[in-house]
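Got a predicted structure here, sequence first:
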Amino acid sequence: MLKVSHLQKSFGNHAVLNDIDFEVHKGDVVSIIGASGSGKSTMLRCINLLEEPGGGEILFHGQDITDAKVNVPAYRAKVGMVFQNFNLFNNMTVLENCIVGQVKVAKKKPEEARISAVRYLRQVGMEPFLNAKPRQLSGGQKQRVAIARALAMEPEVLLFDEPTSALDPQMVGEVLSVMEDLAKQGLTMLVVTHEMAFARDVSTHVIYMSEGVIEEEGTPAQIFGAPRSEKTKEFLARFRNTAV
Amino acid sequence: MLKVSHLQKSFGNHAVLNDIDFEVHKGDVVSIIGASGSGKSTMLRCINLLEEPGGGEILFHGQDITDAKVNVPAYRAKVGMVFQNFNLFNNMTVLENCIVGQVKVAKKKPEEARISAVRYLRQVGMEPFLNAKPRQLSGGQKQRVAIARALAMEPEVLLFDEPTSALDPQMVGEVLSVMEDLAKQGLTMLVVTHEMAFARDVSTHVIYMSEGVIEEEGTPAQIFGAPRSEKTKEFLARFRNTAV
Amino acid sequence: MSISNMSFLGRIGYLLQRYGTSYLKGAGTTLVIALVSTAIGCLIGFVVGVVQTIPVDKKRDSAVKRGLLKVVKVILKAYVELFRGTPMIVQAVFIYYGLSQVFNIQLGMWSAAFLVVSINTGAYMAESVRGGIISVDPGQMEGAKAIGMTHVQAMKNVILPQAIRNIMPQIGNNLIINIKDTSVLSVISIVDLFFVHKSVAGALYTYFESATIVMAIYLTMTLVTSRLLLLVEKKMDGDANYELVDTMDIGNQLRTAREHDGEGRRG
Amino acid sequence: MSISNMSFLGRIGYLLQRYGTSYLKGAGTTLVIALVSTAIGCLIGFVVGVVQTIPVDKKRDSAVKRGLLKVVKVILKAYVELFRGTPMIVQAVFIYYGLSQVFNIQLGMWSAAFLVVSINTGAYMAESVRGGIISVDPGQMEGAKAIGMTHVQAMKNVILPQAIRNIMPQIGNNLIINIKDTSVLSVISIVDLFFVHKSVAGALYTYFESATIVMAIYLTMTLVTSRLLLLVEKKMDGDANYELVDTMDIGNQLRTAREHDGEGRRG
Amino acid sequence: SSKTEEPAADNAAEATEETASADAGEKKVLKVAMECGYAPYNWTQPDDSNGAVPINDSSDYAYGYDVMMAKKIADELGYELQIVKLDWDSLVPAVQSGTVDCVIAGQSITSDRLEMVDFSTPYYYASVVSLVKQDGPLADAAGISDFEGATCTSQLGTIWYDICLPQIKDANIQPAQESAPAMLVALESGRTDLVVTDMPTAKAACVAYPDLKLLDFTETDDDFAVSDEEINIGISVQKGNSELLDGINSVLATMTVDDFNSMMDEAISVQPLSE
Ligand SMILES: Nc1ncnc2c1ncn2[C@@H]1O[C@H](COP(=O)(O)OP(=O)(O)OP(=O)(O)O)[C@@H](O)[C@H]1O
Ligand SMILES: Nc1ncnc2c1ncn2[C@@H]1O[C@H](COP(=O)(O)OP(=O)(O)OP(=O)(O)O)[C@@H](O)[C@H]1O
Ligand SMILES: [Mg+2]
Ligand SMILES: [Mg+2]
């Protein structure tokens, strides 16, 4: 359903993405791993058109969304995003954060939106904090609200940028199981992550990025079991030493 | 050198820290683990007096720094902090971020400050980005600059709030080895972390917090090998399943 | 007793007794024009500020839309520069007398007064709003866009509410400026507080005495309004601490929530 | 040819020819006072804004320091409210003529002019700066404190540079306001652009013609200054993209860096 | 009465000029304040033609009836004349505070004002006339009874506004205008039907606005009723400054009404509008 080909992006002279190609099918959970600064966030942001791609195509259900005629807000409503730094709306409470998009964008009734917002907040354990403002939350709490906000939009594809970075192992487990459920229900996910255990155990496909190119991709078994590239091996060394 | 006793903190009616007691010796690397929202960041912020403690004492070299007569900026210069959300100075480049404190607070000569800033930035692999502004960096890059900035102040104690949350496993390895070096040189560290492997392998002491109290503390071997409390066991379950 | 023998305070008392109601009426006029025009001006400023920040997407927007947007932006820019850049007193004369003389458009003096002060405030507010908007973390806009909001939706729901908080001190400044600047409307026959002062000072040659009275009245008006605006700011900031929906019950709630959604979960 | 037979444009030409240098000199006076006073006013505003935001630490600050701070803050607040809250024209009269009459202090008219406009701008700027400061992410202050900066150091090095960026549009507003408001200085004998207009209109009874000229000059001055300030803003924003110190060489640099510090590291 | 003034940076040229005039002798300075913007009483011109006097701290010159009178007084009393150009609003505070020595600016003498400043004997008798639009409904008025119900205004703080306008039956008196040009703008734009002013101002206005008509009913019975005292304009000095006041009065005492009128005729003939 999502096909990226020859995607490129530069900031000034600095080429951040170089000829990125991959395809995602409905229900896939694709993990994107790679060194800090290798372009993972930039890739997600290009897919969501928060950065204008410098070249290449991004096909969503066969339509090139970099095309001029695409209605970008409508596309974005179908492709959710959880930011690395959350970007919760500071002027709203936790609950309002999860409602506003449903009402203003998806045109749901406020009462309906409220119910589904509370449901997703409960799933990530944030129901008691409905009335808190973002600045009053701990890092992990903000991250969970960001996840609930994206889920509440009920998108077709969800882009997660390190969705569990601020969470403790227990909470990571809970969030991952929510994500697994969603995957079973057919939600497609692209997850940038440093949690190798997640990439290995949950995803259907793993992409390893290095310096703006896809160095290696394949099933978790391939990548973690028998990495072909030297870089991949080196990158995974510490994880494989400690955890496997 | 740092002794916390009966530390308390509430926000409104919401008691976040409850009677926290622990002691840290020179050269200790203390890991603080615990669920999201359990008060870990608040505790670090109290130690740094960014939050005024609601009660209790914090002794630094035997002096109660909650006392009225303490020169707070001078104390803070000795107790560095790496924030969960980095708080890099947006109006400065990477290099300036690491210089300004040395020059303005530690009164070093600019040239000297520059040399040591570059040294620490090189240690975290951020030397090529000397001239970048924080908004142009990836999450992991910001985090590394934040670490370099704190190190450049050459404090006696360093408070880390999830210093590797945005880093890939390889970079985590590098940062941890920098921290190990520093520990060997006698730097005392308090590290809030969700990296159980770090808590287990690097730290000399582990504190497990739950709902604002210290549920259990001890050596890594004790906590990870034979946790006494049920809560600790439950908290560590996922990590122990996947990684041990 | 003739006023030449009175003390400074005595003369002030005399003026108050003789012209007290005139001063008050003038103050009322001043306050009404300032309040109404500041409110309208803020609205104008918000609209202009939002339109000015609509990004042009060279690729996606049709040539027509881009052209239209460009034209609207140029017009708004011209509006801001023209009204911000020329003295309000001259604008008032041109609008009130000029329109009447050249186009035979007879605006009432009150409509003209509200119009002139509002569009002036709007021009200044447009710039203040621009400052407010750039001071909001760009991540907020990205968050809004990511859930599918259009530029205008994002502005309305996310950016402006935060920008407004940041420019509240500026709105206060503008209100206070307006309270004082309505004095130029005397050229179009509006008898505001300052005009009363001029009349009194001109009739009795008691400039300092009348000015003292007028300053006190201005100061009262501005102090009251700036206090009120500070209250609004406080209100906007909300509580420093939120209260949990049910503080004692978090544990239970969390547990219940987990049990409810517990099916299909691992460990 | 007598003025009564001239067309509107003809009259404008006649005025320009006769009073052209007067207009230009008036504009020069206006511009000098506005620029200097805005600069001084901004400085005052920054100082007041910073002092007003110094937090009082009930526990740590000595009673003397707290008392002193309190007194200074009250004085500054009074200053802001007094000068913001009363018309500049009356302030000018009180300072220039009042001081002379009551205390026999004879301020020169230029000193009085710069003084009055500067302290007025300062009072407004103090509020704008407050708005700028609250719009900076509080995390920036925490970051600064955490490395041991005092409040003033943090303000100077971290907060104000960001606040200034946010209030640049406001500084522009203030400069433009000053360009126009210097007209009230005609009460202390300063012949600014607007006073020239009044004189010409009073000599030839050609209000609209002279007003048109004056508006054009004002517009030129404000357009030029606002363009210049926009350039400063652009400059402040810096490049959208940074350039790596040596783009082609990152890999090498990283590797070298790692090799250099590689001792004592694990795999 | 000397005040120290910082020389303006761009006024270097005048600085030399001032020094030159100071060389002429250690004469006392007479500081006379006026608007320099109310022809033919006082106006600003760019050169010293016809004997105009330099304006203090400016490169322009002032002339007009008031300046002529000031020159005469200064000459006869042995002062060096200095014209201070001031906004109308601050003329009174300026003289009250002693910043200037006297104001010669067409101020009407009223008993209220005499409480706060001292006035000289009248230095001109300003007759009262009306201005209307030539093509307007009031153009053919033969007396003030024809003004019934008219919308009218005049200048702030003048007897024309305070005493004359109320004599019009059912008049719709609008708030006063602050200056003569503003008053004429109101009339010319059709916002007001009628303004009342004095003969010199009205004559000047008719040159600038050829479609205005001057109505003078002074010879008829149907005119504004004003006492001679009320149309006096005088020179004001600080209260108690009897030395200067006596000096001014002694100069004025040598002049007759005809002297005043011929001086005014000369002013009108050289005012900027007449060129
Ligand atoms: N200003 C505030 N007002 C009210 N409650 C607050 C405020 N700041 C923090 N809290 C609450 O205090 C609790 C502890 O927060 P803290 O940031 O210390 O958690 P943490 O242990 O660091 O969690 P995480 O691992 O998610 O970062 C949280 O429930 C948070 O919501
Ligand atoms: N506005 C910008 N100007 C210049 N360079 C930028 C800009 N934004 C990002 N970059 C650079 O692009 C590169 C890729 O950034 P990106 O955020 O995609 O990395 P990432 O893979 O997400 O890293 P991390 O895991 O640390 O979040 C980095 O080197 C970063 O410095
Ligand atoms: Mg990233
Ligand atoms: Mg935390």
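Here it is on my side, so go on. Numbers count the residues shown, from 1 in each chain, chains lettered A, B, ... in the order given. Ligands and ions are numbered 1, 2, ... in the order given.

which intervals of the stretch 1-150 of chain E have sub-threshold pLDDT?
Along the stretch 1-150 of chain E, segments meeting pLDDT under 70 span E:1-26.

Strands of that one, residue ranges please.
Taking DSSP state E, counting those that start in this stretch, the strands of the stretch 1-150 of chain E run over residues E:28-34, E:43-45, E:53-54, E:61-63, E:79-85, E:102-108, E:118-119, E:124-125, E:128-133.

tell me the most buried of those?
Ranked by mean neighbour count, the strands of the stretch 1-150 of chain E are led by strand E:43-45 with a mean of 29 (mean count of other C-beta atoms under 10 Å in any protein chain shown). Using the backbone N, CA and C atoms, a C-beta is placed for each residue, glycine as well.

among the strands of the stretch 1-150 of chain E, which is nearest residue D:2?
Ranking these by proximity to residue D:2 (C-beta to C-beta) places strand E:43-45 first, at 16.6 Å.

ok, that closest one near chain D or not?
Yes: Strand E:43-45 reaches chain D (C-beta under 8 Å from any C-beta of the partner chain) through E:43-45.

Just name whatever secondary elements that strand is in contact with.
Packing partners of strand E:43-45 (3 or more C-beta pairs under 8 Å, 6 or more residues apart in numbering or on different chains; DSSP states H and E): helix D:8-52, helix D:193-204, strand E:61-63.

any idea which element the residue nearest to residue E:76 when sequence neighbours are not counted lies in?
Leaving aside its chain neighbours, residue E:76 sits nearest to residue E:251 (4.9 Å; criterion: C-beta to C-beta, 6 or more residues apart in numbering or on different chains). In this structure, residue E:251 sits in helix E:242-253 according to DSSP states H and E.

for residue A:9, same thing?
Residue A:9 is part of strand A:2-11 when elements are defined by DSSP H and E.

neighbouring strands for that strand, and are they parallel or not?
According to DSSP bridges, strand A:2-11 forms sheet pairs with strand A:14-24 (antiparallel), strand A:55-60 (antiparallel).

Tell me the buried residues in stretch C:173-189?
Across stretch C:173-189, burial judged by 16 or more other C-beta atoms under 10 Å in any protein chain shown covers C:173-189.

still on that earlier bit, whether the strand holding residue A:9 contacts ligand 2 - can you check?
Yes: interface with ligand 2: strand A:2-11 contributes residue A:11 (C-beta under 6 Å from any ligand atom).

Give me the mean pLDDT for that strand.
Regarding strand A:2-11, the rounded mean pLDDT is 93.

which ones are touching the residue nearest to the spatial centre of chain E?
Closest residue to the average C-alpha location of chain E: residue E:106 at 3.2 Å, with C-alpha atoms, centre = their mean. Residue E:106 makes contact with E:38, E:41-42, E:66, E:124, E:126, E:233, according to C-beta atoms under 8 Å, 6 or more residues apart in numbering or on different chains.

do that again at 10 Å, thanks
Contact analysis of residue E:106 by C-beta atoms under 10 Å, 6 or more residues apart in numbering or on different chains lists E:34-35, E:38, E:41-42, E:64-66, E:88, E:123-124, E:126, E:155, E:158, E:180, E:198, E:200-201, E:233-234.

Give me the pLDDT value at residue 241.
You didn't say which chain, so I picked chain A. 64.

Wait, chain C was what I had in mind.
Note on residue C:241: pLDDT of 66.

Ok, residue C:254 next?
The score at residue C:254 is 41. That number is its pLDDT.

And the longest helix anywhere in chain A, what's buried?
What stands out as the longest helix in chain A, according to DSSP state H, is helix A:169-184. If you call a residue buried by 16+ other C-beta under 10 Å, then helix A:169-184 has these buried ones: A:169-180, A:182-183.

centre of the chain versus that helix, how much separation?
Between the mean C-alpha location of helix A:169-184 and the chain-wide mean there is a distance of 13 Å, by C-alpha atoms, centre = their mean, to the nearest Å.

for that helix, packing partners?
When contacts are defined as 3 or more C-beta pairs under 10 Å, 6 or more residues apart in numbering or on different chains; DSSP states H and E, helix A:169-184 sits against strand A:29-34, helix A:110-123, helix A:139-152, strand A:157-161, strand A:188-192, helix A:196-201, helix B:230-243.

The ones you listed: which one's closest to chain D?
Closest to chain D of the helices and strands packed on helix A:169-184, according to C-beta to the nearest C-beta: helix A:139-152, at 12.0 Å.

and that closest one with chain D, contact?
No: Helix A:139-152 lies out of reach of chain D by C-beta under 10 Å from any C-beta of the partner chain, never closer than 12.0 Å.

Surely residue A:164 forms part of a helix?
No: secondary structure assignment (DSSP: H, G, I helix; E, B strand; the rest coil) places residue A:164 in coil, not in a helix.

What pLDDT is listed against residue 48?
This is for chain A. Residue A:48 is given a pLDDT of 92.

I was after chain C.
Note for residue C:48: predicted pLDDT of 93.

Could you give the number of residues near it?
For residue C:48, the neighbour count with other C-beta atoms under 10 Å in any protein chain shown is 24.

Please apply the same query to the one 3 residues further on.
Burial measure for residue C:51: 17 neighbouring residues, criterion other C-beta under 10 Å.

Pretty sure it sits against residue C:74.
No: counting by C-beta atoms under 10 Å, residue C:51 sits too far from residue C:74 to count as a contact (11.3 Å).

Per-residue pLDDT of residue E:217, please?
Reading off the model, residue E:217 has pLDDT 91.

Give me the distance between the closest residue to chain D within the stretch 101-250 of chain E and residue A:222.
Nearest to chain D, among the residues of the stretch 101-250 of chain E, is residue E:208, at 3.6 Å (C-beta to the nearest C-beta). Note on residue E:208: its distance to residue A:222, by C-beta to C-beta, to the nearest Å, is 94 Å.

what about these two, which has more around it?
Shown here are residue E:208 and residue A:222; by other C-beta under 10 Å, residue E:208 has more neighbours (23 against 15).

Touching, the more buried one and residue D:14? I think so.
No: counting by C-beta under 10 Å, residue E:208 stays clear of residue D:14, with 11.6 Å between them.

Need the overlap of contacts for these two.
D:3, D:204, D:206, D:209.

Who are the contact partners of residue C:122?
Applying C-beta under 10 Å, 6+ apart to residue C:122 gives the contacts C:37-38, C:40-49, C:76, C:79-80, C:83-84, C:129, C:174.

Find the residue closest to it in space, skipping its chain neighbours.
Nearest-residue entry for residue C:122: residue C:44, 2.9 Å, with adjacent residues in sequence omitted and distances by C-beta to C-beta, 6+ apart.

residues touching residue A:121, list them.
A:94-95, A:97-98, A:127-130, A:144-145, A:147-149, A:151-152, C:257.

rewinding a little: grab the nearest non-local neighbour of the residue of the stretch 101-250 of chain E closest to chain D.
Residue E:208 sits nearest to residue D:205 (C-beta to C-beta, 6+ apart), 3.6 Å away.
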